[in-house]
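Asker: Give me a 3D structure for the following:
(4 chains)
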There are 2 protein chains.
Amino acid sequence: MVTDEVAPYRIGEVADRLGVSTRTLRYYQELDLLDPAGQSSGGNRRYSEADVTRAMRILELRNVMGFDLERIGEILAAEDRLAEIRAEAKRGVSVRRKREIATEAITITEHLRAQVADKLAVLAEFDADLEARLGRLHAFVDELDGGGSTVADDPAAAPA
Amino acid sequence: MVTDEVAPYRIGEVADRLGVSTRTLRYYQELDLLDPAGQSSGGNRRYSEADVTRAMRILELRNVMGFDLERIGEILAAEDRLAEIRAEAKRGVSVRRKREIATEAITITEHLRAQVADKLAVLAEFDADLEARLGRLHAFVDELDGGGSTVADDPAAAPA
DNA sequence: TCAGAACTTGACGCGCACGGAAGGTTTTTG
DNA sequence: CAAAAACCTTCCGTGCGCGTCAAGTTCTGA
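Answerer: Now for the predicted structure:
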């Protein structure tokens, strides 16, 4: 299946674009996270644009959410099943089955979103803390510059 | 140095409180990230409230920001130097030196905050994406419930 | 006081997410 | 039509962040 038309990218190009190694892309394939859409007549991997998007998705889940590759696989698998029933909507898939899968996708997505919300909250708090720290630090250096002998200090918070 | 008064917590208590193993706490000590404030007469570790706070800080930087322990060490080290000059502010530390260290702390903190801002932005985008997905999914199941034979579908986005 | 729970210092082991070399094939390029 | 660059599979190696004994010591509670 020489699918060069729809899968134009070589593994090295994709790796460069995403800032990862070719080894990483092959590893993701081993774990069934990313199966290149095609291959050359000689057997070289050929990635489609959708593959690249999927790889970016994987890296985002890894870098931003800090998930391990197994969890990422679960998330992607749910989305894949959803996409499947969409593609096969025309054919005989019972409405009951569709609803089951869609409901499963909703559950997983909501769960995921809750985790994102958690992370957002913690990060916002962290950011506020850093901002406060910076305020104190700037006040400290202002103090040093202005009141030469005025020993009124209060840089980063005390013990706690 | 039996510092039980100011360092009342045993390693097991701290570990339980933070949801980590005692091994983890000892490991952080190996890496000079967390040195318990005191010890019992027999040599057992005794952690102060400040130690616990510091441990929580480490875990936050690990879990939320995904930093490795070396980077966390750098961040904490900068804050420690800052705290030192604050403690020794009364004694002879040149204003120039103070300003140097405070400026270094500002640089590091600002850098850290920029990374937090980055993460916040990416997470917000991710959240919006998930929200949109959920909207489509709900519309999909509504479609299934309502229009029994109405095959108008459009669940999760198409190819990309 | 004394059993048993909690702690100590070593040291080796392990899972994850790749890194990297070997030895060969495919693809590109001058 | 080479020669070089990129790719292939296979396999063992590695670094981080601990997990897990082992063998002894310290601490707590009855």
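Asker: got the phi/psi numbers for the residue positioned nearest the centre of chain A?
Answerer: Of all residues in chain A, the one closest to the mean position by CA atoms, centre = their mean is residue A:60, 1.8 Å from it. Summarising the backbone geometry of residue A:60 under the convention degrees, to the nearest 10, its torsions are phi -70, psi -50.
Asker: Chain A: helices as residue ranges?
Answerer: Ranges of helices in chain A, per DSSP state H, are A:11-18, A:22-30, A:49-63, A:69-87, A:95-145.
Asker: out of the ones you listed, which comes closest to residue B:10?
Answerer: Distances from residue B:10 to each of the helices of chain A were compared using CB to CB; the minimum, 27.9 Å, belongs to helix A:95-145. Where C-beta positions appear, they are placed from N, C-alpha and C, glycine not excepted.
Asker: Also compute the angle for the closest one relative to helix A:69-87, please.
Answerer: An angle of 140 degrees separates the directions of helix A:95-145 and helix A:69-87 when computed by axes from the mean of the first three to the mean of the last three CA atoms, to 10 degrees.
Asker: quick one: is helix A:95-145 near chain B?
Answerer: Yes: counting by CB under 8 Å from any CB of the partner chain, contacts between helix A:95-145 and chain B involve A:95, A:98-99, A:102-103, A:105-106, A:109-110, A:112-113, A:116-117, A:119-120, A:122-124, A:126-127, A:130-131, A:133-134, A:137-138, A:140-141, A:144-145.
Asker: and that helix, how far out from the chain's middle?
Answerer: Its chain's C-alpha centre lies 14 Å from the corresponding centre of helix A:95-145 when counted by CA atoms, centre = their mean, to the nearest Å.
Asker: packing partners for that helix?
Answerer: helix A:69-87, helix B:95-145 (3 or more CB pairs under 8 Å, 6 or more residues apart in numbering or on different chains; DSSP states H and E).
Asker: Around DNA strand C, which positions in chain A sit nearby?
Answerer: For chain A, the contact set with DNA strand C under CB under 7 Å from any atom of the strand comprises A:20-21, A:23-24, A:27, A:40-44, A:62, A:68-70.
Asker: Which single one of the residues you listed is nearest to chain B?
Answerer: Chain B has its nearest neighbour among those in residue A:62, at 9.4 Å by CB to the nearest CB.
Asker: ok, for that closest one, nearest residue in space, not its chain neighbours?
Answerer: If the residues on either side of it in the chain are set aside, residue A:62 comes closest to residue A:72, at 6.5 Å by CB to CB, 6 or more residues apart in numbering or on different chains.
Asker: per-residue pLDDT, that neighbour?
Answerer: As predicted, residue A:72 sits at a pLDDT of 97.
Asker: That one contacts residue A:28, doesn't it?
Answerer: No: with contact defined as CB atoms under 8 Å, residue A:72 does not reach residue A:28; the gap is 9.1 Å.
Asker: got any residues that touch both of those two?
Answerer: Where contact means CB atoms under 8 Å, 6 or more residues apart in numbering or on different chains, the residues bridging residue A:72 and residue A:28 through contact with each are residue A:58.
Asker: contacting residues for the residue nearest to residue A:62?
Answerer: Taking CB under 8 Å, 6+ apart, we find residue A:72 in contact with A:33, A:58, A:61-62.
Asker: Most neighbours among these, please name it.
Answerer: For these, neighbours were counted by other CB atoms under 10 Å in any protein chain shown; the highest total belongs to residue A:58, with 24 neighbours.
Asker: This completes my enquiry, with thanks.
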